[in-house]
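1. Below are the sequence and a predicted model for it; my questions follow.
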Amino acid sequence: MNDKTLSIQDYALLDDAECEARIEAAKQKLGKRVVILGHHYQRDEVFRHADLTGDSLKLSREASHSEAEYIVFCGVHFMAEVADILSRPEQVAILPDLAAGCSMADMASLPAVERCWKELADVLNPDESITPVTYINSAADLKSFCGRHGGIVCTSSNAGKILDWAFAQREKVLFFPDQHLGRNTGYRKDISLEEMVLWDPALPLGGLTPEQIRRAKIILWKGFCSVHQVFQPVHIDNFLAKHPDTRVISHPECSFEVCEKSQYVGSTEYILKTVREAPAGTRWLVGTELNMVNRLAAEVKPQGKEVHFMSPTVCMCSTMFRTDPQHLAWVLENLAQGVVVNRIRVPDEDAKLAKLALERMLQVA
């Protein structure tokens with residue numbers, strides 16, 4: 001450890017108010033040398049310090065075009081990896097807390113996906129018949145896997161266009177790690193539920209028969225976002241029974257049944273745009289992460305709009321919540337002293353192939 005490195009233990013007991021003052025002082029000292037990115041799901045105490053806010057891909061792209069030497073991503077691990085992949089060589093990507101991961105991304109590991117690919121080869125030739133598609137919410141080595149096998153990355157906003165491209169390459173798609181985004185997107189592309197099968201990596205051949213694999217159009221990985229699985233169809237039914245004029249909007253990481261009961265389905269940016277542009281006086285039931293819903297509710301309240309969190313049970317992204325003011329102050333004050341902590345660096349070969357898969361996506365979408 002560098003002699004000048006400040007220890008995170010020195011920040012653990014600082015209160016948020018002191019951290020806020022120290023964050024602002026460090027930002028002022030660093031100036032344009034640093035850019036702080038705040039994902040929509042981030043807690044308010046951190047989100048307020050962000051220079052740029054949005055979803056993960058948008059933030060990484062904007063940061064890569066900034067003057068900043070240091071990109072501090074207040075999000076989770078895969079987001080900082082994308083920032084590193086898309087950034088210029090002289091830029092450094094940093095994650096304030098290395099424990100801020102993504103449980104859904106962790107549900108698909110490279111060894112498990114490679115084993116799936118080998119098992120599929122017992123039934124057909126995957127390199128000739130299957131296009132691998134990974135949600136951006138995945139590790140860099142899975143994006144690299146897609147780059148190596150003629151595949152592509154998608155986001156929740158462009159998944160439809162990406163599926164069109166994928167089917168133009170080959171007859172089938174292996175979609176990971178989120179089964180719900182894959183199923184909801186496929187269904188809206190007129191692919192029946194029977195043509196979408198679920199691959200369970202814990203079972204031989206994913207728990208499928210060779211005939212099921214041959215007949216499938218989309219092979220969905222058994223992964224999910226725990227936050228978006230909190231929402232249930234009964235939550236919509238109960239709310240509409242009290243407020244039948246409510247407009248329901250959900251993220252496509254929600255279950256198929258929830259999305260089918262929603263009038264609007266789309267990404268975080270889509271949800272924000274739709275509610276912001278809605279007529280004054282409208283009421284909305286929103287199926288996505290709590291921090292974002294609460295901020296949106298406060299933003300549109302002066303317009304007479306009411307925004308409600310879909311679930312009666314409070315649920316936020318616990319791994320995103322790990323990034324707190326204490327970790328942000330620690331990272332920034334170290335940078336102000338010329339010390340980089342918690343750098344995220346994707347190995348060169350993985351970065352090269354992952355960038356190829358990302359660039360395919362950007363060209364298509």
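-> Everything's here; your move.

2. pLDDT below threshold where in the chain?
-> 1-3, 315-316 (pLDDT under 70).

3. can I see the domain layout of it?
-> 8-99+319-347, 105-224, 233-309 (automatic domain parsing).

4. Tabulate these (JSON lines), appending mean neighbour count and distance to Leu358.
-> To be clear about C-beta, it is placed using only N, CA and C from the backbone, and glycine gets the same treatment. Formatted as JSON lines, those follow (neighbours: other Cβ atoms under 10 Å; distance: least, Cβ to Cβ, whole Å):
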{"stretch": "domain 8-99+319-347", "mean neighbour count": "20", "distance to Leu358": "7"}
{"stretch": "domain 105-224", "mean neighbour count": "20", "distance to Leu358": "5"}
{"stretch": "domain 233-309", "mean neighbour count": "18", "distance to Leu358": "17"}
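
5. In TSV: those, plus distance to Leu356.
-> Compiled in TSV, those are given as follows (distance: least, Cβ to Cβ, whole Å):
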stretch	distance to Leu356
domain 8-99+319-347	10
domain 105-224	4
domain 233-309	23
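
6. looking at the ones you listed, which is closest to Ala365?
-> domain 105-224 (3.6 Å; Cβ to Cβ).

7. so how far is the first residue of that closest one from its last?
-> 9 Å (Cα to Cα, to the nearest Å).

8. same deal with stretch 59-72?
-> 11 Å.

9. so how far is it from its chain's centroid?
-> A distance of 18 Å separates the centroid of the chain from that of stretch 59-72, by Cα atoms, centre = their mean, to the nearest Å.

10. Repeat that for stretch 55-72.
-> On Cα atoms, centre = their mean, the centre of stretch 55-72 falls 15 Å from that of its chain.

11. Chain neighbours aside, what residue packs nearest to His228?
-> Nearest-residue entry for His228: Glu253, 4.0 Å, with adjacent residues in sequence omitted and distances by Cβ to Cβ, 6 or more residues apart in numbering.

12. ditto for Glu81
-> Ala140 (4.3 Å).

13. in terms of contact, does the one you found touch Ala83 like I think?
-> No: in this structure Ala140 lies outside contact range of Ala83 using Cβ atoms under 8 Å: 10.8 Å.

14. Can you pull the phi and psi angles for the residue nearest to Glu81?
-> phi -60, psi -30 (degrees, to the nearest 10).

15. ok, it to Pro132 distance?
-> 15 Å (Cβ to Cβ, to the nearest Å).

16. do Ala50 as well
-> Counting by Cβ to Cβ, the gap from Ala50 to Pro132 is 33 Å.

17. Next: Ser192.
-> From Ser192 over to Pro132 (counting by Cβ to Cβ), the distance is 22 Å.

18. And Leu332, by the same measure?
-> For Leu332, the distance to Pro132 - Cβ to Cβ - is 38 Å.

19. now do Lys29
-> 45 Å.
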